[in-house]
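In: structure, please.
(2 chains, ligands or ions: 6)
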2 protein chains.
Amino acid sequence: MADLKSTFLKVYDVLKKDLLEDPAFEWSPDSSQWVEKMLDYNVPGGKLNRGLSVVDSLKLLKEGDGLTEDEIFLSSTLGWCIEWLQAYFLVLDDIMDASHTRRGQPCWFRLPKVGMIAVNDGILLRNHIPRMLKKHFRNKDYYVDLLDLFNEVEFQTAHGQMIDLITTLEGEKDLSKYTESLHRRIVQYKTAYYSFYLPVACALLMAGEKLESHIEVQNILVEMGTYFQVQDDYLDCFGDPETIGKIGTDIEDFKCSWLVVKAFQLSNEEQKKLLLENYGKADPGNVAKVKALYHELNLQGVFEEYESKSYEKIITSIEAHPSKAVQAVLKSFLGKIYKRQK
Amino acid sequence: MADLKSTFLKVYDVLKKDLLEDPAFEWSPDSSQWVEKMLDYNVPGGKLNRGLSVVDSLKLLKEGDGLTEDEIFLSSTLGWCIEWLQAYFLVLDDIMDASHTRRGQPCWFRLPKVGMIAVNDGILLRNHIPRMLKKHFRNKDYYVDLLDLFNEVEFQTAHGQMIDLITTLEGEKDLSKYTESLHRRIVQYKTAYYSFYLPVACALLMAGEKLESHIEVQNILVEMGTYFQVQDDYLDCFGDPETIGKIGTDIEDFKCSWLVVKAFQLSNEEQKKLLLENYGKADPGNVAKVKALYHELNLQGVFEEYESKSYEKIITSIEAHPSKAVQAVLKSFLGKIYKRQK
Ligand SMILES: [Mg+2]
Ligand SMILES: [Mg+2]
Ligand SMILES: [Mg+2]
Ligand SMILES: [Mg+2]
Ligand SMILES: [Mg+2]
Ligand SMILES: [Mg+2]
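Out: Numbering: from 1, shown residues only, chains lettered A, B, ... in the order given. Ligands and ions are numbered 1, 2, ... in the order given. The predicted structure follows:
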């Protein structure tokens, strides 16, 4: 695993070097310095789970044949494309959410020299993806499927972000709109497709599969992604900021978080009133009252129950899949996130 | 022409309807309303020159054969993809430039309900393009070339924006960095590829041509795009705000505009000092001093001379092209922008 990660990080250096010499642009020292700094700040500093799992998944799909050097390089490249996609979403998401920290450092747009240039940097990150795909996959017969896949998943993610954002506008007027089904729709689109389906879909394409014949795999991964985002919502409030690398602001930001959905469901009239009065306010006093209510309603226990039920459900679906190799891919993925603390 | 435009606008309605029913996303009334409003506000309100010229160019490339209904629809769709690309750039550019007005109305992000959600709306606009391409071109043998083309041109534009933005940071320390060659590099990337090369490249692909064999066409169009952006810089200061639909802020924003490049070139020491002291300040007094210097240096005359020289040069290159049909395409394009007031 440590070895896999260090090989993976070496591929980052290769890809970065290529991008900084892309012949479609006339580079100057200023511009390569800017892009390099921006990449190093935003791309490789995460957990790299999404990226690594492309390599991991391909290995499992090949069932013990082992990967050639070329396959390792190419699956790592696809893994990095997903990490780039993630970086692009995060850079822009932090601007929209007015966040302060990310991965244990200030958000990119918070750096004094960056500011709103970060919007264009997000765009650059996004634009790097098709350049990497073209350079390394143009001659593959699944090239066009790869392009279509990345385009579709980005489309879904952007729409997930959209409902996240416009729901927050609406929710400010009426907290009862934050239902479980709305929450599920948001997280499925904004997180599950790109974080869970995309890495496995990349590995499937490399393994010569057609994505149309793997709808059930997609369903299971979307379910897993939903569970992952519920964890994210949970950790935003109950996680250790040191460990997760940021200070959660979902309560302040009036987010349609799984916690507030559950809290509203479980509250009596008086508690609902407290929630309505204190949710979505920046003042620490209001935030503390919401957190106290979450404790009172035992949301930690409710979450633990959700977690084990969700795990059971996903394992059952995985074991119903006809291919042992695909089962292994899905179980490996699930193993990485079950009971995660960050 | 009026007829071409009304046909073109009908295609917008078809494309919009398709997008609002895209099966990759689970629509709700809230979300389709948001997207529809956002599209209507940002996409169809421009001059539509870029979009219309795909249809126009294809017609000329076909040399009087006339276009079938299908060809009109498809070339209009590509035209709209370019208009969508433009809308995406403008929505985000206005945020980065902190602009107030665009096309005679407040910038999208200035609407109270929108704000920073506009960042994601820009992303949505960008994501619509591959959906339209997939729906209508997936079975064409130039589909993958179309995807590569849009990706490459977007990459170039984003890098043009980048040097525009980081140059402004640097220029604030040292105005003498604003040279003619830097200005040319900025405008070539941020404007010329997508506004001039892209529409013609789309028409060439539809006409069955390979883009690799049309490097000279690209060069001429990039030259034309450079001339177009010099006009844009000129109109930002000397144009009529009513006619151009916005109030220029290049002076306030410390932009590496063609005007300041020329002014610095033509200034004596004292005038340079005045420029250094007043350029890039929001105060109307400072702006007025810069404008007075522009008049003193007769930049209007300098521009007129640039304009006729540039026109001559472009016409000469066009007439050296072996194909009369291609000549017609390029001349039609040039005719649309020569001596434009908006
Ligand atoms: Mg956020
Ligand atoms: Mg967000
Ligand atoms: Mg979160
Ligand atoms: Mg601007
Ligand atoms: Mg700008
Ligand atoms: Mg301008």
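In: what sits against A:Glu216?
Out: A:Ser317, A:His321 (Cβ atoms under 8 Å, 6 or more residues apart in numbering or on different chains). Placement of C-beta: from N, CA and C, glycine included.
In: relative to B:Val217, how far out is the nearest residue to A:Thr243 once chain neighbours are set aside?
Out: Excluding the flanking residues, the one nearest A:Thr243 by Cβ to Cβ, 6 or more residues apart in numbering or on different chains is A:Lys342, at 4.6 Å. Separation of A:Lys342 from B:Val217 (Cβ to Cβ, to the nearest Å): 53 Å.
In: A:Gln105 bridge partners, please.
Out: A:Arg102 (DSSP bridges).
In: straight-line length of stretch A:193-209, end to end?
Out: 18 Å (Cα to Cα, to the nearest Å).
In: before we move on, what about stretch A:208-223?
Out: Where stretch A:208-223 begins and where it ends lie 24 Å apart, using Cα to Cα.
In: do stretch A:191-211 as well
Out: 19 Å.
In: next one: it to chain centre, how far?
Out: 14 Å (Cα atoms, centre = their mean, to the nearest Å).
In: over to stretch A:210-228?
Out: The answer for stretch A:210-228 is 15 Å, by Cα atoms, centre = their mean.
In: near ligand 3 at all, it?
Out: No - on the criterion Cβ under 5 Å from the ion, stretch A:210-228 is out of touch with ligand 3, staying 10.6 Å away.
In: low-confidence ranges in the stretch 1-150 of chain A?
Out: A:1-2 (pLDDT under 70).
In: for it, which segments count as helices?
Out: Assigned by DSSP state H, counting those that start in this stretch, the stretch 1-150 of chain A shows helices spanning A:2-19, A:29-42, A:49-61, A:69-96, A:117-137, A:143-171.
In: mind checking the ones you listed for the one nearest to B:Asn268?
Out: helix A:29-42 (28.8 Å; Cβ to Cβ).
In: A:Ile166 is in contact with B:Gln33, isn't it?
Out: No - A:Ile166 lies out of contact with B:Gln33 (Cβ atoms under 8 Å); the separation is 9.1 Å.
In: just give the closest residue to A:Glu26, not the sequence neighbours.
Out: Per Cβ to Cβ, 6+ apart, closest to A:Glu26 is B:Arg185, 6.1 Å.
In: my read: that neighbour touches A:Asp30, true?
Out: No - between B:Arg185 and A:Asp30 there is no contact, the gap being 10.9 Å when judged by Cβ under 8 Å.
In: neighbour count: these two, which is higher?
Out: Neighbour totals were compared for B:Arg185 and A:Asp30, and B:Arg185 leads with 22 against 16 (other Cβ atoms under 10 Å in any protein chain shown).
In: give me every residue that touches that one.
Out: Per Cβ under 8 Å, 6+ apart, neighbours of B:Arg185: A:Glu26, A:Ser28, B:Ile163.
In: thinking again about what came up before, for the residue nearest to A:Thr243, which three-state class applies?
Out: Per DSSP: H, G, I helix; E, B strand; the rest coil, the local secondary structure of A:Lys342 is coil.
In: ok so, going back, A:Lys342 and B:Val217: which has the busier surroundings?
Out: Between A:Lys342 and B:Val217, counting by other Cβ under 10 Å, B:Val217 is the more crowded of the two (22 against 11).
In: more neighbours: which of A:Ile166 and B:Gln33?
Out: A:Ile166 (19 against 13).
In: and the residue in the stretch 151-300 of chain A positioned nearest to ligand 4, how many residues sit next to it?
Out: Nearest to ligand 4, among the residues of the stretch 151-300 of chain A, is A:Ala158, at 22.6 Å (Cβ to the ion). Neighbour count for A:Ala158, taken as other Cβ under 10 Å: 24.
In: residues touching it, list them.
Out: Counted by Cβ under 8 Å, 6+ apart, A:Ala158 has contacts B:Asn120, B:Ile123, B:Leu124, B:Asn127.
In: thinking again about what came up before, and the residue nearest to A:Thr243, what pLDDT?
Out: pLDDT recorded at A:Lys342 is 82.
In: measure the closest residue to A:His159 other than its chain neighbours to A:Leu60 for me?
Out: Leaving aside its sequence neighbours, A:His159 sits nearest to B:Phe25 (Cβ to Cβ, 6+ apart; 4.6 Å). As judged by Cβ to Cβ, B:Phe25 and A:Leu60 stand 30 Å apart.
In: then A:Ile186?
Out: 30 Å.
In: how about the helices in the stretch 201-342 of chain A?
Out: A:215-238, A:241-244, A:258-266, A:269-278, A:284-296, A:299-319, A:324-337.
In: got TSV for these, with distance to A:Leu146 too?
Out: Below are these laid out as TSV (distance: least, Cβ to Cβ, whole Å):
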stretch	distance to A:Leu146
helix A:215-238	16
helix A:241-244	32
helix A:258-266	33
helix A:269-278	45
helix A:284-296	43
helix A:299-319	25
helix A:324-337	18
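In: looking at the ones you listed, which is nearest to ligand 6?
Out: Closest among these, using Cβ to the ion: helix A:215-238, at 41.2 Å.
In: closest approach to ligand 5 from chain A, which residue is it?
Out: A:Asn120 (8.8 Å).
In: contacting residues around the residue in chain A positioned nearest to ligand 1?
Out: Relative to ligand 1, the nearest point of chain A is A:Asp97 (3.7 Å; Cβ to the ion). By Cβ under 8 Å, 6+ apart, A:Asp97 lies in contact with A:Thr249, A:Asp253.
In: hmm, stretch A:148-156 touching chain B?
Out: Yes - for stretch A:148-156 and chain B, the contact criterion (Cβ under 8 Å from any Cβ of the partner chain) is met by A:Asp148, A:Asn151, A:Glu152, A:Glu154, A:Phe155, A:Gln156.
In: determine which two of those are furthest apart.
Out: A:Asp148 and A:Gln156 (12.6 Å).
In: who has more neighbours, these two?
Out: A:Gln156 (24 against 18).
In: and the more buried one, what does it touch?
Out: Contacts of A:Gln156 by Cβ under 8 Å, 6+ apart are A:Tyr189, A:Tyr193, A:Tyr194, B:Ala24, B:Phe25.
In: distance of it from A:Tyr294?
Out: Applying Cβ to Cβ to A:Gln156 and A:Tyr294 gives a distance of 30 Å.
In: from the stretch 151-300 of chain A, which residue is nearest to ligand 2?
Out: In the stretch 151-300 of chain A, the residue that lies nearest ligand 2 is A:Asp164 (5.6 Å; Cβ to the ion).
In: and for that residue, the neighbour number?
Out: By other Cβ under 10 Å, neighbour count at A:Asp164 equals 23.
In: over to A:Arg50?
Out: 21.
In: check A:Lys246 too.
Out: 18.
In: go on, the one 5 residues further on?
Out: Other residues within reach of A:Ile251 by the criterion other Cβ under 10 Å amount to 24.
In: got it, and the one 5 residues further on?
Out: A count of nearby residues for A:Cys256, using other Cβ under 10 Å, gives 24.
In: residues touching it, list them.
Out: Per Cβ under 8 Å, 6+ apart, neighbours of A:Cys256: A:Asp164, A:Thr167, A:Thr168, A:Gly171, A:Tyr178, A:Leu182, A:His183, A:Ile186.
In: likewise A:Pro106?
Out: A:His100.
In: now it: how far from B:Arg103?
Out: According to Cβ to Cβ, A:Pro106 stands 35 Å off from B:Arg103.
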